[in-house]
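Chemist: here is a sequence together with a model predicted from it:
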Amino acid sequence: MEFEAVIGLEVHVQLKTRSKIFCSCSTEFGAPPNTHTCPVCLGMPGVLPVLNRRAVEYAMRMAVATNCTINRKNLFARKHYFYPDLPKGYQISQYELPLAENGWVDVETDMGSRRVRLNRIHMEDDAGKLIHDENRPVSLVDLNRTGTPLIEIVSEPDIRFPEEASAYLKKIRQLVRYLKISDGNMEEGSLRCDANISLRPRGQETLGTKSELKNMNSFKHVQRALEYEIRRQTAVLMDGGEIVQETRLYDAAKGVTHSMRGKEEAHDYRYFPDPDLVPIHVEDSWLEEVLASMPELPDRKRARFVEEYGLPEYDAAILTSSYDLADYFEACVALYPGAKKVSNWIMVELMKLLKLSGSDINDCLVTPDALAELLKLLEKGVISDKIGKKVLEQIFENGGSPSEIVERQGLAQVSDIGELQQLVEKVLDANPAEVEKYRSGKKKVFGFFVGQVMRETRGKANPKTVNELLRKMLGS
Ligand SMILES: [Zn+2]
């Protein structure tokens, strides 16, 4: 029997507001434990939460970017459960009336395009962090993160392959970064993902029993955990067994999942509307403000790069993979209008240097001015491509202007015909045997002569001029 996987993802995104969602404590990452806390986020009796307007705006941006309908009235609800790093004893979340519903995101993989529908996007507050001491039988709690605003993006079970799950998650990260509402950093926990997965015989409509996977801290983990779970569930079903609904933890070191607990149902949480918070009313003027703050989104930008700059799809996809890279490209094209040339130098040379040094385009010392200037020097034939790459490396390391570097280091190409003619003559005189070979039909030695002239000029001879002179003087 052949099985089909049915996968849905729940993605938590930490919003990059400066203060927490219901108090004015800082959300800064990495502060000493328990220094960013107050009676509200510590869940003291008698305190009242006050909603952070910016957090709602960030959540609305994501709702718009994922084609969701925003509920003009939405509510916060209490979700009750005990957890040592959740001092209130409940999480403030949204249940009956979430911020937004019924959206979709298109994802591309090698297997083609798939539209993943979104069930909902809701807001909630984050819990703190437990730190388990490996050497002593104690756990420590840090409540700095308690009350950091989150959105939870819940997809419909539309994903069929682990690769698609990973691509979907990358798309979510790309969107939150474009919208500048989150770092989307999985390693630091600002983007977290749980996956629901069940199998069913291919062709069957009804869903099988699902398990929920947790503890996946990278795109690779998500894909591997799902692959493992497909193998595990397939083996159980082929054996005539039954899948138990449960939550399973992914063990990255071993590449397997372990049963953690039986899966709870929504009614276990005793949701009810939070009496401390008034409903959120999204008025037209507020929504318009948010719409006006929306940047151009990646799919749109990619299509525009193809149309406006005549770039191949491949180039456009890479250049628009990050908002800042796309900005960088456009700043360069504004200064040097050869879009394809700019694209090549960014994608091949600059991105190679960025990757090797592990740095980001924002910290790059090669400014758009410098890159445009370099490309102009290449176009005018002042320097060769090879020298151009060396100059780029130098600017990447230490900054500076290409013209000044070329001038200071005497890197300009030798294009002077008189000077080059002398060199060519010198090379031919020094190698009479090769000249003889060439004239008797062994045309391959031509490259040898070019190499010799280049060596004489330490790579600075204009190759086009050298070729022309050699052909003329060898009589071909
Ligand atoms: Zn606080």
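Modeler: Yep, that arrived. Numbering: from 1, shown residues only.

Chemist: all strands of the stretch 1-150 of the chain, in order?
Modeler: Assigned by DSSP state E, counting those that start in this stretch, the stretch 1-150 of the chain shows strands spanning 3-14, 69-70, 73-74, 77-80, 90-93, 100-109, 112-125, 129-132, 139-142, 149-155.

Chemist: between these, which gets nearest to Ser440?
Modeler: With Cβ to Cβ as the criterion, Ser440 lies closest to strand 100-109 of these, at 57.4 Å. Every C-beta, even on glycine, is put in place using the N, C-alpha and C of the backbone.

Chemist: which helix or which strand is home to the residue most central in space within the chain?
Modeler: With distances taken as Cα atoms, centre = their mean, Gln174 lies nearest the centre of the chain, 4.9 Å away. Secondary structure assigned from DSSP states H and E places Gln174 in helix 162-178.

Chemist: against which helices or strands is that helix packed?
Modeler: strand 3-14, helix 53-65, strand 100-109, strand 112-125, strand 191-201, helix 219-238, helix 298-309 (3 or more Cβ pairs under 8 Å, 6 or more residues apart in numbering; DSSP states H and E).

Chemist: give me the residue from the stretch 101-250 of the chain nearest the ion.
Modeler: Gly147 (5.6 Å; Cβ to the ion).

Chemist: what about that residue, neighbour count?
Modeler: 30 (other Cβ atoms under 10 Å).

Chemist: ok, it touching Thr17?
Modeler: No. When contacts are counted by Cβ atoms under 8 Å, Gly147 is not listed as touching Thr17 (10.8 Å).

Chemist: same for the helix or strand harbouring Glu289, what does it pack against?
Modeler: Using DSSP H and E, Glu289 sits in helix 284-292. Helix 284-292 sits against helix 53-65, with contacts defined as 3+ Cβ pairs under 8 Å, 6+ apart.

Chemist: the residue nearest to the centre of the chain: what's it in contact with?
Modeler: Contact analysis of Gln174 by Cβ atoms under 8 Å, 6 or more residues apart in numbering lists 184, 298, 321-322.

Chemist: my guess is Ile172 meets Ile153, correct?
Modeler: Yes. Here Ile172 lies in contact with Ile153, judged by Cβ under 8 Å, at a distance of 6.4 Å.

Chemist: re the thing from before, for the residue of the stretch 101-250 of the chain closest to the ion, give me the pLDDT.
Modeler: pLDDT for Gly147: 96.

Chemist: can you pull the contacts of it?
Modeler: Here Gly147 is in contact with 20-23, 25, 40-41, 125-126 (criterion: Cβ under 8 Å, 6+ apart).

Chemist: switch the cut-off to 7 Å
Modeler: Applying Cβ atoms under 7 Å, 6 or more residues apart in numbering to Gly147 gives the contacts 20-23, 25, 41, 125-126.

Chemist: before we move on, what about Pro84?
Modeler: Residues near Pro84 by Cβ under 7 Å, 6+ apart: 130, 141.

Chemist: before we move on, the earlier item: let me have the contacts of Gln174 in CSV, extended by secondary structure.
Modeler: Formatted as CSV, those follow (DSSP: H, G, I helix; E, B strand; the rest coil):
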residue, secondary structure
Gly184, coil
Pro298, helix
Ser321, coil
Ser322, coil
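
Chemist: buried subset of those residues as a PyMOL selection?
Modeler: Here is the PyMOL command that selects the buried residues among the contacts of Gln174 (16 or more other Cβ atoms under 10 Å):
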select buried, resi 184+298+322
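
Chemist: just the contacts of Gln174 now: which is nearest the ion?
Modeler: Gly184 (24.1 Å).

Chemist: quick check: the closest one vs Lys170, distance?
Modeler: Distance, Gly184 to Lys170, by Cβ to Cβ, to the nearest Å: 9 Å.

Chemist: mind checking the end-to-end distance for stretch 436-443?
Modeler: Distance across stretch 436-443, first residue to last, is 11 Å (Cα to Cα, to the nearest Å).

Chemist: buried ones in it, by neighbour count?
Modeler: Those would be Tyr438, for stretch 436-443 by 16+ other Cβ under 10 Å.

Chemist: any idea how far the residue of the stretch 251-400 of the chain found nearest the ion is from Val50?
Modeler: Closest approach between the stretch 251-400 of the chain and the ion, counting by Cβ to the ion: Asp276, at 14.5 Å. According to Cβ to Cβ, Asp276 and Val50 sit 9 Å apart.

Chemist: do the same with Phe219
Modeler: Counting by Cβ to Cβ - Phe219 and Val50 are separated by 36 Å.

Chemist: more neighbours: which of those two?
Modeler: Phe219 (17 against 13).

Chemist: how deep is the residue nearest to the more buried one when sequence neighbours are not counted tucked in, by neighbour count?
Modeler: Spatial nearest neighbour of Phe219, chain neighbours left out: Ser166 (4.8 Å); criterion: Cβ to Cβ, 6 or more residues apart in numbering. Residues lying near Ser166 (other Cβ under 10 Å) number 23.

Chemist: would you mind listing the residues in contact with Ser166?
Modeler: So, once contact is read as Cβ under 7 Å, 6+ apart, Ser166 ends up touching 219, 222-223.

Chemist: Throw the residues you listed into a markdown table and include distance to the ion and pLDDT, thanks.
Modeler: What follows is these, written out as a markdown table (distance: Cβ to the ion, whole Å; pLDDT from 0 to 100):
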| residue | distance to the ion | pLDDT |
| --- | --- | --- |
| Phe219 | 32 | 92 |
| Val222 | 32 | 94 |
| Gln223 | 37 | 94 |
